[in-house]
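Visitor: return a 3D structure for these sequence lines:
(3 chains)
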Amino acid sequence: MSFQPVKFYQTGTFTVGNRLLPPEERSVQASARRFNSINSGHRACQGCGEALGARYAIDAAMEAADGQIIAANATGCLEVFSTPYPETSWQIPWIHSLFGNTAAVATGVAAALKVKGKRDVRVVAQGGDGGTTDIGFGCLSGMFERNDDVLYICYDNGGYMNTGVQRSSATPPAARTATTMAVGPEPGNVFGQGKFVPAIAMAHDIPYVATATVADLRDLEAKVSRAMEIRGARYIHILVPCPLGWGTASHDTIRMARLAKETGIFPVFEAEHGEIKSVLTIRRPLPVEEYLRPQKRYAHLFGKNPAVETIAHIQALADRNIRKYRLQARRGS
Amino acid sequence: MDKPFAITLDPGSSLANHTGSWRTFRPEYVDRLPPCNVACPAGENIQAWLFHAESGDYEAAWRSLVENNPLPAIMGRVCYHPCEGGCNRQHVDAAVGINSVERFLGDEANKQGWKFAPPAAATGKRVLVVGSGPAGLSAAYHLTRMGHQAVIHEAAPLAGGMMRFGIPKYRLPREVLDAEINRLVEFGVEIQLQTKVDDVQQALQDGFDAVFLGVGAHIAKRAYIPAGDANKVLDAVAVLRGMEDHHAPLLGRKVVVYGGGNTAIDVARTAKRLGAEESIIVYRRTRDKMPAHDFEVEEALQEGISIKWLSTIKEAGESDIMVEKMALDDKGFPQPTGEFERIEADSVVLALGQDADLALLENLPGLIVEGGMIQVDGGMMTGHPGVFAGGDMAGSERTVTVAVGHGKKAARAIDAWLRGAAYAPAEKHEVATIERMNPWYYSDAPKTMRPVLDIIRRQSTFEEVLGGLDENNALFEARRCMSCGNCFECDNCYGVCPDNAVIKLGPGKRFRFNFDYCKGCGICATECPCGAIRMVAEEN
Amino acid sequence: MLKQTEGSRAVAEAVALCRPEVICAYPISPQTHIVEALGEMVKDGSLAPCEFINVESEFAAMSVAIGASAAGARSYTATASQGLLYMAEAVYNASGLGLPIVMTVANRSIGAPINIWNDHSDALSQRDSGWLQLFAETNQEALDLHIQAFRLAEELSLPVMVCMDGFILTHAYERVDMPTQAQVDAYLPTYEPRQVLDPADPVSIGAMVGPEAFMEVRYLAHAKQLQALQRIPAFAAEFRQIFGRDSGGLTHTYRSEDAETIIVAMGSVLGTIKDVVDEMREEGHKIGVLGITLFRPFPIARVREGLQGAKRVVVLEKSMAIGLGGILSTNVRMALSGLHMHGYTVIAGLGGRAITKKSLHGLFREAEQDALESVTFLDLDWAMVNKQLEREKAHRRSGPVAENLLRDVGIVAARNY
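Guide: Residues are numbered from 1 along each chain as shown, chains lettered A, B, ... in the order given. Here you go, the predicted structure:
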């Protein structure tokens, strides 16, 4: 009888914690003494994926940097719900300047720390997809190109949710937003060329690029930790479902992120110096319909006359991701 | 720092904003009943003892297990583990090998010499337990735990009932049986062997405050088969019992076993081990209708037992028998076809079921017997107050596990009765069905197969067929448990809350919601792997 | 130390003496020479420790400065014209956050039509941004004002814009007295930020403020700027003590004691004006000058004090409020509220148009006769303007204005529309 190593503990590393793991292998979020970098009392919607993603990421960065983190934050939901006068939820030094300049502000902070010899204090920049892939893109690219010592984290919820759910360059095809209404012959957002900023970040050959979702905490934390081991420009793109913008139940936030990953809609991988180093393979393969159907922003694809071709088109995009990023789990692995 | 007004704020000050007021639904931690526990006839809290086994604390696991069942080493061998049939893990990959872990714990207890925790203070009450089979042992054990004095009267020279005289050694080695019985004796259960109770009425007058009957069903059912004198027609009970008597029954080279239950299989396999060249089971229906457990049928087939399906024995001759082929009708009942066949046979063993010997109850008023079984109420009490019954004599499903469950239930009812209280079984939680869980989180972990004895040795010796798990495998198998419906402190709720509104109370203490900040989004409930959180509407 | 050098170089050296810690650079004429010189100093190690960051836009330049300043570093950048407009959002943000950044604006016009030459349109477009704005008359003053700017910015925790005329000053070689490092160190203490991003004492900077406190925040910004009116004369006095010369302050008057006509202006044009005033004084004209060094906060009391004895005020400005007239003059008029005197607005020198002594002589004489229009455009080519106006009257699709005008003066040979 072959020896079966006791490696996976019940839920292994899929859940946040696991009482059976040795302490050094436990997640940051499982700790009763975690930082809670973003505190209770913030005004994010019920079930906000961004609030969750931000705490996951910044707490992990705090752990990696021994609490020595300064964050720059773009205008957007995260900023608005966390710091309305007279209260802030942040427990770390934090600055919000503008919508489109966060990468540059972070560069400035990093430069100040460098000139002052504070090597142990690390800089994180964070913003939503609008502040990252659209208005902040110039500053982001500049920061990448200069290889400034900044970890930039994009919380991608696929639109300008703070202003009332408008389309961004990260809004997926066919999705309904306030500026891509579900009307006309091709309802919802266009099937454009797409703008996958992680790939663009990789094109800068920066030391580290990764994607993650709020559905895989351990993976997310590992990526933040890895990023914090590296100096220079680093980019992590985290998918954070938005109950408001996606039209999903508040309790389904993590489930939606999981479905995005499991259907291949959102590839989860990491890359160093422009080359992919690892991918998170799909555990339980599912058709994209499973991901699309629970979201009201895709409601026009279903109903009496399902938009079979549109769904097939989206499936084809997911399949392309699966091929391109090799998301299919290999047998026996 | 001389902070600019309004633009610059003190850290973490949002705690002043109690977002709990947004809530329309609130999460609640619940304990739901795991399907394994629901399915266990012995009423074991399987999920609870697996919880300890998962962390490698086998003694705690064993102690948790024996709160309900004092015979884990036996159970880990002879139980048909309906728990595994209920196990939610079958919807993920394959059911948890609960039975194999139970056996590991039982064996570990025997190896380590673990003793039961001391019983409660003596109540001064004496209870007569008739029969030392699983029902009697279980009843006596639980009564002893509660502080009552349990005295077992056993007619046979050795304790164990059908576990000793009905189950072959290759399934239950006798040292295992002895070890667990001895632990009970050391615990304070008094067993008087070769003490047959003929009159329960009398016993009640002999200083016992209550009686539990667990005499089993030892009388073989017969079928009329015309037979020549020379042919041996035996019954299964006698054959299996004879195996314990130092003079094994002489069955000959070719043995035919008639019947389709587990006993028929046991006899056929025993015959093989006794040297029969051919051991044939004759059964009137098909494999899928067979009452014997399929894995036992499979094991028998592996060992070279042949089974004649859709056949009845019409007559037994000197060296052969005549069987008639049957065909199933629309309703699945076998009907004769008129086609006959002769099969060589030195002996025929009838394994057609057993009846209970109810002679000792003859004088007892109020008793109701139906279909050869004594009728009991929800607390296992017969129609005669103070007389309880369980095991094969009181149930249609005759397994060791059911008997153990009867014993426990009866013990609780007897305890209530002795205190003059009404027996009220504990209220059951709602069942943790797979739909209430989020199984994505469980690691992929295929079931660990137990080692199986080499086929040659299986055909010639009474060595135990199925091996046990080693510690590593037992631990692995325990950790496949999904802890359905019961928090196992995976920290998911604590981690996934976007509002940090879950308070972690520390190892073993689980969690608490902070309703000052919980907005009621419900992510915790959706992402709880084991379904231990439910959302309820806020009042007002 | 006296030396003959380019204005940009002089400013760069002065900035370097202020020990900036983070410098952001993005090229735009005519400020390029300043950051080029600083870049070289950082690269060769003569300015250290200092991070010189080549950013990808002016917007990023100001944003990097914001981050650096918030993290406690003395931060500097320079820009002009379109660059200032491109960073405008961040310009407002820097002052709103109270970050003491110093920025040189090498004043240049704003397009379209694109034009690289000097006027004050760029800096004055940001007059309400919350920055302090200082205008230099000479290269010496430009150099000195930068040293004072850091002192002022850090004392008040507000950003300061030092404005110097593009090309006229930035590219002019003049003699300047370059202070020593010891002098600058004596004048400018180490930067002690009022608020700083520090893990040891975390704060959230840049909160969202709603109607309940927004006006108060704005008033406080106003009140803080007004404090500068008290502090600047003191800083200027201290500057005189250490460096031995007058520089900075709120305003400078020139031969205005008994003047009936006072010319108000900012920047390098004051030199030309003073020459004309000298010549007219010799001819017996009662004419003087009020030069404004501090445009924001606007020194209302000082301007009123300097002008109230005159019969008329001529505000000559290199900027224009299209649809109204002057910008500087509107500000001056506020200072003269309730005083009965003639006030004239003269728009001059836009896009680098030369302001000649000859033109000024004529202008000032007309003013003395009170023969000026209330808004006068100095040396405007009326023929050219009228021709275009006629053209537009005749044809709705009369073609691009700038090119029409250039063709009229024979500069481009383009086809007629």
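
Visitor: who in the stretch 151-300 of chain C is up against chain A?
Guide: With the criterion set to Cβ under 8 Å from any Cβ of the partner chain, the stretch 151-300 of chain C comes near chain A through C:197-199, C:201-210, C:212-213. Every C-beta, even on glycine, is put in place using the N, C-alpha and C of the backbone.

Visitor: I'd like to know which elements the helix or strand where residue B:475 lies is packed against.
Guide: Taking DSSP states H and E as the criterion, the element that holds residue B:475 is helix B:471-478. Helix B:471-478 sits against helix B:46-54, helix B:58-65, helix B:98-112, with contacts defined as 3 or more Cβ pairs under 8 Å, 6 or more residues apart in numbering or on different chains; DSSP states H and E.

Visitor: buried ones in that helix?
Guide: By 16 or more other Cβ atoms under 10 Å in any protein chain shown, the buried positions in helix B:471-478 come out as B:473-478.

Visitor: quick one: the helix or strand just after it to chain centroid distance?
Guide: Sequence order places helix B:492-496 as the next helix or strand after helix B:471-478, per DSSP H and E. Distance of helix B:492-496 from the chain centroid (Cα atoms, centre = their mean, to the nearest Å) equals 35 Å.

Visitor: could you do stretch A:97-116 as well?
Guide: 21 Å.

Visitor: dump it to PDB, restricted to CA.
Guide: The C-alpha coordinates for stretch A:97-116 follow below in PDB (Å, rounded to 0.1, in the frame of the first residue of the first chain):
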ATOM      1  CA  SER A  97      -4.100  62.700  -3.300                       C
ATOM      2  CA  LEU A  98      -6.000  62.400  -6.600                       C
ATOM      3  CA  PHE A  99      -7.700  59.900  -8.800                       C
ATOM      4  CA  GLY A 100      -5.000  59.500 -11.400                       C
ATOM      5  CA  ASN A 101      -1.700  60.100  -9.700                       C
ATOM      6  CA  THR A 102      -1.400  57.400  -7.100                       C
ATOM      7  CA  ALA A 103       1.600  55.600  -8.600                       C
ATOM      8  CA  ALA A 104       3.400  58.900  -8.800                       C
ATOM      9  CA  VAL A 105       2.500  59.900  -5.200                       C
ATOM     10  CA  ALA A 106       3.900  56.500  -4.100                       C
ATOM     11  CA  THR A 107       7.000  57.200  -6.100                       C
ATOM     12  CA  GLY A 108       7.400  60.400  -4.200                       C
ATOM     13  CA  VAL A 109       7.000  58.700  -0.900                       C
ATOM     14  CA  ALA A 110       9.500  56.000  -1.900                       C
ATOM     15  CA  ALA A 111      11.900  58.700  -3.000                       C
ATOM     16  CA  ALA A 112      11.600  60.500   0.300                       C
ATOM     17  CA  LEU A 113      12.200  57.300   2.200                       C
ATOM     18  CA  LYS A 114      15.200  56.500   0.200                       C
ATOM     19  CA  VAL A 115      16.700  59.900   0.600                       C
ATOM     20  CA  LYS A 116      16.100  59.700   4.300                       C
END
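
Visitor: so what touches the helix holding residue B:475?
Guide: Contact partners of helix B:471-478, identified using Cβ atoms under 8 Å, 6 or more residues apart in numbering or on different chains, comprise A:3-6, B:50, B:53-54, B:56, B:58, B:61, B:96-97, B:100-101, B:104-105, B:445, B:447-448, B:468-469.

Visitor: buried members of those into PyMOL, please.
Guide: Of these, the buried ones can be selected in PyMOL as follows, counting by 16+ other Cβ under 10 Å:
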select buried, (chain A and resi 4+6) or (chain B and resi 50+53+54+58+61+96+97+100+101+104+105+445+447+448+468+469)
